[in-house]
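K.L.:
One predicted model, sequence on top.
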Amino acid sequence: MLSSEDTIIAPATAVGIGAIAIIRISGPKAFEHLKSCFKPTRIGATLKSHVLTYGTIVNARAIPIDHVMAVYMQAPASFTREDVVEIHCHSNTYVVRQILELFAAMGCRLAEAGEFTYRAFMHGRIDLAEAEAIAELIDAGSVTSARVAMQHLEGSITAIATQLHDQLLQIAAQVEAYLDFPEDEVDYIHVNTLTSSVDSVIALLDPLLSTFYAGKVLREGLSILILGEPNVGKSSLLNYLLGYDRAIVTDIPGTTRDFIEERITLGHLPVRLVDTAGLRKSKDIIEQTGVQRAKEKAKDVDLILYVVDGSQEQSSLKAAEGLFQAEIPVIVVVNKADKFTESKTGNFEFAQPFVCISALTGFGIDALKQAIEQEFSVPKASNSSILTEKRHFDIFAQVKSELISFSQGLSAQLPGELLACHIYTAMSALGRITGETVPEDVLSQIFSKFCVGK
């Protein structure tokens, strides 16, 4: 596991050319190292905790590296609850590198991914669910997903886990009382009381668990595959949705031969759009490979937009026969809407809902976006918590499973000791939400997903 004894350093902003880069240092010698290389511009100025000071960073030979703003945050009033220093320098790769090398020479160690957040967790600044929410907020792909991540950062998941834990604690007390009675004196009142208590907890868990699919879409993004035969307007649709020409559009069939994948936001949904090779038989081995990849991809997405040419006299989905999975929704997109008349409707054999658009003019695009959002409705404004982490979902699902087993055991009049095991196992599982009972290998896995410097 990561050590919390030494002093660590890392860029807290992306390294590259820009206005400002922030370098973060945390540990027992952070302030000492800063004082040895930072020279305040104002004569007689001293570094005060939580006050930005303007000055110059100089190397071991007193040669200036950069004019910077530096701030010292005295423990425990910092993110990691250690002494923390931040240096705000000009964002230049060589300047940042020189400052990192300077502090490394003084004994700082380059931080591992997520190590600052790990120290905040280990020192009690945040719990594990709140730590995960930081990564979720950084990765948020829409306003809604950022709002949900912020709710988690403010402790909404922790509050639910705490509430459930308190209720289970009361049930555990009831079970202990249940154990104090001889079997021949246990009556229906005790059983009904326990059953009612467990049912009330399950009633809280069910709506929470049902939010996970929507939460997963918010966290990971909605994967949309654009399918269709060659020259129906798949690439034109991709370009219009993106707002710029990403895919080559020509009258020559088979222009797209591999995936073209881009990310956008549709309403409140972060979306990953994938354009594919046109579905047709071809002697070109490269195009054949592209078509085969498109068919494989159709099994691993959240939604398929199947594009057809509205200028044709008739159309069907025969080219995609056998590709659609029962659990994956399909929206048929009839392109070239200006050439699609009502008289043709009967000749277009679609079992799925369809939307008429023009990828050239943008007609119908808003209707298509609405159709996509309706397929994957996520609350835009809600005070209720939404599960976005599979780890959390699995834990709450385990709690529900233990409670169901408890109820079944109660009905079967199993010994009270066995019933109590289900309650205590559920309580232990809830401890993994906040990090109270999480093994070190799980912690390592969670924090390894963070960026360096966070």
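P.N.:
Alright, I've got the coordinates.

K.L.:
would you list every one of the strands in the stretch 351-454 of the chain?
P.N.:
Secondary structure of the stretch 351-454 of the chain, counting by DSSP state E, counting those that start in this stretch: strands at 354-356.

K.L.:
quick one: contacts for the most centrally placed residue in the chain?
P.N.:
Geometric centre of the chain, nearest residue: Arg219, 3.3 Å, by Cα atoms, centre = their mean. Neighbouring residues of Arg219 by Cβ atoms under 8 Å, 6 or more residues apart in numbering: Glu136, Asp139, Ser145, Thr388, Glu389. All C-beta spots, glycine's among them, are computed from the backbone N, C-alpha and C.

K.L.:
The first one: neighbouring residues, count only.
P.N.:
Residue neighbour count, defined by other Cβ atoms under 10 Å, stands at 21 for Glu136.

K.L.:
could you say which helix or strand contains it?
P.N.:
helix 128-139 (DSSP states H and E).

K.L.:
For the stretch 251-400 of the chain, which segments count as helices?
P.N.:
Remark: helices assigned in the stretch 251-400 of the chain by DSSP state H, counting those that start in this stretch are 285-297, 365-375, 390-411.

K.L.:
Pick out the shakiest of the ones you listed, pLDDT-wise.
P.N.:
Between the helices of the stretch 251-400 of the chain, the lowest average pLDDT goes to helix 285-297, which shows a mean of 57.

K.L.:
Would you mind writing the CA trace of stretch 159-170 as CSV?
P.N.:
Only the C-alpha atoms of stretch 159-170 are listed here, as CSV (Å, rounded to 0.1, in the frame of the first residue of the first chain):
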residue,chain,number,x,y,z
ALA,A,159,-25.7,9.2,4.3
ILE,A,160,-27.7,6.3,2.8
ALA,A,161,-25.1,3.8,4.0
THR,A,162,-25.2,5.3,7.5
GLN,A,163,-29.0,5.3,7.6
LEU,A,164,-29.1,1.6,6.5
HIS,A,165,-26.4,0.7,9.0
ASP,A,166,-28.4,2.4,11.9
GLN,A,167,-31.5,0.5,10.9
LEU,A,168,-29.6,-2.8,10.7
LEU,A,169,-28.2,-2.1,14.1
GLN,A,170,-31.7,-1.8,15.5
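
K.L.:
before we move on, back to that, in a markdown table, list the contacts of Arg219 along with distance to Ile65.
P.N.:
Shown next, in a markdown table, are these (distance: Cβ to Cβ, whole Å):
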| residue | distance to Ile65 |
| --- | --- |
| Glu136 | 35 |
| Asp139 | 33 |
| Ser145 | 39 |
| Thr388 | 42 |
| Glu389 | 41 |
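
K.L.:
quick revisit: right, so of the helices of the stretch 251-400 of the chain, which gets closest to Thr117?
P.N.:
helix 390-411 (15.8 Å; Cβ to Cβ).

K.L.:
between that closest one and helix 128-139, how many degrees?
P.N.:
Between helix 390-411 and helix 128-139, the angle comes out at 140 degrees (axes from the mean of the first three to the mean of the last three Cα atoms, to 10 degrees).

K.L.:
who does the helix or strand following the helix holding Glu136 touch, helix- and strand-wise?
P.N.:
Heading C-terminal from helix 128-139, the first helix or strand you meet, by DSSP H and E, is helix 143-153. Secondary-structure packing of helix 143-153 (3 or more Cβ pairs under 8 Å, 6 or more residues apart in numbering; DSSP states H and E): helix 128-139, helix 212-220.

K.L.:
and which of the contacts of Arg219 is nearest Phe376?
P.N.:
The shortest approach to Phe376 among those belongs to Ser145, at 12.5 Å (Cβ to Cβ).

K.L.:
contacting residues for that closest one?
P.N.:
When contacts are counted by Cβ under 8 Å, 6+ apart, Ser145 is found next to Glu136, Leu218, Arg219, His268, Pro270, Thr388.

K.L.:
For those residues, name the two members farthest from one another.
P.N.:
Greatest spacing in those, by Cβ to Cβ: Glu136 and His268 (15.5 Å).

K.L.:
of all the contacts of Arg219, which comes closest to His67?
P.N.:
For those, the nearest to His67 is Asp139 (33.2 Å; Cβ to Cβ).

K.L.:
Skipping adjacent residues, who's closest to the closest one in space?
P.N.:
Spatial nearest neighbour of Asp139, excluding adjacent residues (Cβ to Cβ, 6 or more residues apart in numbering): Arg219 at 7.6 Å.

K.L.:
Identify the single longest helix in the chain, thanks.
P.N.:
Longest helix in the chain by number of residues, with DSSP state H as the criterion: helix 156-180.

K.L.:
now the stretch 1-150 of the chain, which segments are flagged as low pLDDT?
P.N.:
The stretch 1-150 of the chain contains residues with pLDDT under 70 at 1-4.

K.L.:
can you map out the strands along it?
P.N.:
Ranges of strands in the stretch 1-150 of the chain, per DSSP E, counting those that start in this stretch, are 8-11, 18-26, 38-40, 53-58, 64-73, 84-91, 109-110.

K.L.:
hmm, back to that, can you name the two of the contacts of Arg219 that are farthest apart?
P.N.:
Farthest apart among the contacts of Arg219 by Cβ to Cβ are Ser145 and Glu389. That separation is 12.5 Å.

K.L.:
Mind listing the shared neighbours of those two?
P.N.:
Residues touching both Ser145 and Glu389 (Cβ under 8 Å, 6+ apart) are Glu136, Arg219.
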